[in-house]
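*Asks:* Okay, sequence plus prediction incoming.
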Amino acid sequence: MSAGRPRILHLHSTFAAGGKERRSVQLINAFGAKAKHTIVSAEPDRLGAADGIAKSIDVMVQPEFPSLKGLPLPGRLQRLAKAMKPYDLILTYNWGAMDAVMAHTLFKDVHGLPPLIHHEDGFDESELHRLKKRRTWYRRVALGRSSGLVVPSERLEEIALVDWQQPLGRVKRIPNGIDTKAFGMRPKKDALRLIKRPGEHWVGTLAGLRTIKNLPRLVRAFAPLPDEWQLVIVGEGEARDAILAEVDRLKINHRVHLPGSVADPARVIGLFDIFALSSDSEQFPLSVVEAMAAGLPIVAPAVGDIAGMVAEANEPYITSPGSEGGLQDVVAALAQSKDLRRQVGEANRAKAVAEFDEAKMVATYRRLFSSAMGREL
């Protein structure tokens, strides 16, 4: 263990500005000057979330480090293990960092490696309908020496305990939390590099532009709304072209906007009138908590924990998974009534403040990380 501030190594599947990445940044900022951080992404060109890290934080982004991608051969895993040695705590995230978890389990004693805590926030398209047996077995073995496995949702907790066969004491379910006060502030009209004009209403979303988010479905659900409604999709990713192709096909280019990612969602999400998700899979999406804190009604499929996250008044606007017509109907229903949007949004805001404020989440992570290191963070 090093003297002075603990050195924390973050190994991410990607560090683009998605939900797990924003939570990681949130915790890094909350720990402030009490730790030094190094961030490595399996996709070195996708580091957009780093823009949200406070300037005062001691952080190194994407230094020289063995690739997190490749065949799990002994020599490569040995190199990953050796690269972890100088740190006091290893934090790994999602399947894209699982080889590092395996390397830690295999070579922890050989190299005297620091404790490792793994985070799982969901699955990619390949495990949308069922878990892959090879990945399930790999996770069972790889997680064998970890100090903790953090999941945000009840469904992932069940998978960790049953499918991955992790002991009860290792699995920690920590719901995502946010600074509800910041998200309750009124945003500036030009906060998004896109001006909201008088008389306009916005359906908006914050999402990594990935296939599993199924944003072309949202484009189709939005399309029948009147001309004063605009669709704003905030995020970056490889599915951008597919989204734009659907916009072109429906000839609604003038009403759909993809302004890229934002470093601080609290500054822009309040510009939306309705928050929408169209994902094929979610767990405990941070963006839903953020939209609730901003006082917005939510339309989304009932995937992951979403149906239980929203306020009771919002439950009728959570649709059956995969129901395109259902999504279109609830978007239209909320678009027709400003009073309805306000009532549902106020109920969501109250629940977010009561249950999802970041203070509890940060304190829980602080205790977990401190316990693993044997020193206060």
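*Replies:* Okay, I see it.
*Asks:* What separates the first and last residues of stretch 144-161, distance-wise?
*Replies:* The straight-line separation of the ends of stretch 144-161 (Cα to Cα, to the nearest Å) is 13 Å.
*Asks:* so where do the strands sit in the protein?
*Replies:* Assigned by DSSP state E, the strands in the chain fall at 7-12, 36-41, 59-61, 89-93, 116-119, 148-151, 171-173, 201-206, 229-234, 256-260, 274-276, 298-301, 318-319.
*Asks:* Mean pLDDT for these - can I get that in a markdown table?
*Replies:* Shown next, in a markdown table, are these (pLDDT from 0 to 100):
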| stretch | mean pLDDT |
| --- | --- |
| strand 7-12 | 98 |
| strand 36-41 | 98 |
| strand 59-61 | 97 |
| strand 89-93 | 98 |
| strand 116-119 | 98 |
| strand 148-151 | 97 |
| strand 171-173 | 96 |
| strand 201-206 | 96 |
| strand 229-234 | 97 |
| strand 256-260 | 94 |
| strand 274-276 | 98 |
| strand 298-301 | 98 |
| strand 318-319 | 98 |
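*Asks:* Looking at those, which is nearest to residue 347?
*Replies:* Closest to residue 347 of the strands of the chain, according to Cβ to Cβ: strand 298-301, at 10.5 Å. Just so you know, the C-beta spots here come from the backbone N, C-alpha and C atoms, and that holds for glycine as well.
*Asks:* where does the chain dip in pLDDT?
*Replies:* Within the chain, the stretches with pLDDT under 70 are 1-2, 128.
*Asks:* Which parts of it belong to which domain?
*Replies:* Per automatic domain parsing, the structural domains of the chain span 7-177+358-373, 180-355.
*Asks:* could those go into a markdown table alongside mean neighbour count?
*Replies:* Formatted as a markdown table, the domains of the chain follow (neighbours: other Cβ atoms under 10 Å):
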| stretch | mean neighbour count |
| --- | --- |
| domain 7-177+358-373 | 19 |
| domain 180-355 | 19 |
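*Asks:* what's residue 19 in contact with, if anything?
*Replies:* Counting by Cβ atoms under 8 Å, 6 or more residues apart in numbering, residue 19 makes contact with 121, 176, 208, 285, 286, 287.
*Asks:* Now do it against residue 130, distance only.
*Replies:* Note on residue 19: its distance to residue 130, by Cβ to Cβ, to the nearest Å, is 23 Å.
*Asks:* just the helices in the protein please.
*Replies:* With DSSP state H as the criterion, the chain has helices at 19-31, 74-84, 98-111, 133-142, 154-162, 180-183, 215-222, 240-250, 286-293, 306-309, 324-335, 338-355, 358-373.
*Asks:* Nearest approach to residue 60 belongs to which of those?
*Replies:* With Cβ to Cβ as the measure, helix 19-31 is the member of the helices of the chain nearest residue 60 (11.9 Å).
*Asks:* now the closest one and helix 286-293, what's the angle there?
*Replies:* Interaxial angle, helix 19-31 versus helix 286-293 (axes from the mean of the first three to the mean of the last three Cα atoms, to 10 degrees): 70 degrees.
*Asks:* CA atoms of helix 19-31 as CSV?
*Replies:* Included here for helix 19-31 are C-alpha records, laid out as CSV according to Å, rounded to 0.1, in the frame of the first residue of the first chain:
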residue,chain,number,x,y,z
GLY,A,19,-24.6,6.1,-17.3
LYS,A,20,-21.9,4.1,-15.6
GLU,A,21,-19.2,6.5,-16.8
ARG,A,22,-21.1,9.5,-15.4
ARG,A,23,-21.5,7.7,-12.1
SER,A,24,-17.8,7.0,-12.0
VAL,A,25,-17.0,10.7,-12.7
GLN,A,26,-19.6,11.6,-10.0
LEU,A,27,-17.7,9.5,-7.4
ILE,A,28,-14.3,10.7,-8.5
ASN,A,29,-15.5,14.3,-8.0
ALA,A,30,-17.1,13.5,-4.7
PHE,A,31,-13.9,11.9,-3.3
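*Asks:* what angle do it and strand 7-12 make?
*Replies:* Using the same axes, to 10 degrees: helix 19-31 against strand 7-12 is 170 degrees.
*Asks:* on that earlier part again, would you mind giving the helices of the chain as a markdown table with distance to residue 315 added?
*Replies:* What follows is the helices of the chain, written out as a markdown table (distance: least, Cβ to Cβ, whole Å):
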| stretch | distance to residue 315 |
| --- | --- |
| helix 19-31 | 22 |
| helix 74-84 | 44 |
| helix 98-111 | 35 |
| helix 133-142 | 33 |
| helix 154-162 | 17 |
| helix 180-183 | 20 |
| helix 215-222 | 18 |
| helix 240-250 | 28 |
| helix 286-293 | 13 |
| helix 306-309 | 7 |
| helix 324-335 | 11 |
| helix 338-355 | 10 |
| helix 358-373 | 24 |
